[in-house]
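J.: Sharing a model prediction with you, sequence too.
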Amino acid sequence: MNYRAYIEKFKISRIKKAIVTEITAAENSNSVIALSLALGAFIAFSPTWGFQTALAISLAVLLRLNKVLVLVTVNISSIPPIIPLILLAGYQTGAFVFTGHFQTEVPNLMNLKTLGENYLQFALGSLIVASGVGLVFYLMIFFLLKRFR
């Protein structure tokens, strides 16, 4: 098997071109496209790991959104360097909500036991961060589409 040809299919430029084509060629309105991308971003940053894809597809079908675009953005959280940032943002936001300040000592959130002990703080913080990210995604994509589409 020619692995080089197989790997060529996954170049960033080809993936970017496919995503842009999906956005620009979609038969949906600008608000539906923006909402699809925003929903995916919201779910990516929410504490629903393990069933994000199933949740994203279910909500996309229920809300009649573009399923491909929702799946594109929900997979943001699958990029390894982003995972600790998502955990830290949720944890620190939750700490700020509960205590009024950010914590200087951050436990090892990659440890399931530690994450479980701090889950309420993490979950609340993650939902706040996810709401903000979803809102920013919606507004940014909507105005970009309005301007360039």
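T.: Alright, I've got the coordinates.

J.: secondary structure element for residue 31?
T.: helix 30-45 (DSSP states H and E).

J.: Now that helix: buried residues?
T.: Neighbour-count burial for helix 30-45 flags 30, 32-45 (criterion: 16 or more other Cβ atoms under 10 Å). The way it works is simple: take the backbone N, C-alpha and C, and place the C-beta from them, glycine included.

J.: Averaged pLDDT, the next helix or strand after that helix. What do you get?
T.: Per DSSP H and E, the first helix or strand lying C-terminal to helix 30-45 is helix 52-62. Here helix 52-62 scores 95 as its mean pLDDT.

J.: just to revisit the earlier point, check the buried residues of helix 30-45 against residue 141 and report the nearest one.
T.: Distance to residue 141, by Cβ to Cβ, is smallest for residue 34 among the buried residues of helix 30-45, at 4.1 Å.

J.: For the longest helix along the chain, list every residue counted as buried.
T.: Counting by DSSP state H, the longest helix found in the chain is helix 119-148. Buried residues in helix 119-148, counting neighbours by 16+ other Cβ under 10 Å, are found at 121-130, 133-134, 137-138, 141-142, 145.

J.: Find out how far that helix is from the centre of the chain, if you would.
T.: Chain-centre distance of helix 119-148: 8 Å, with Cα atoms, centre = their mean, to the nearest Å.
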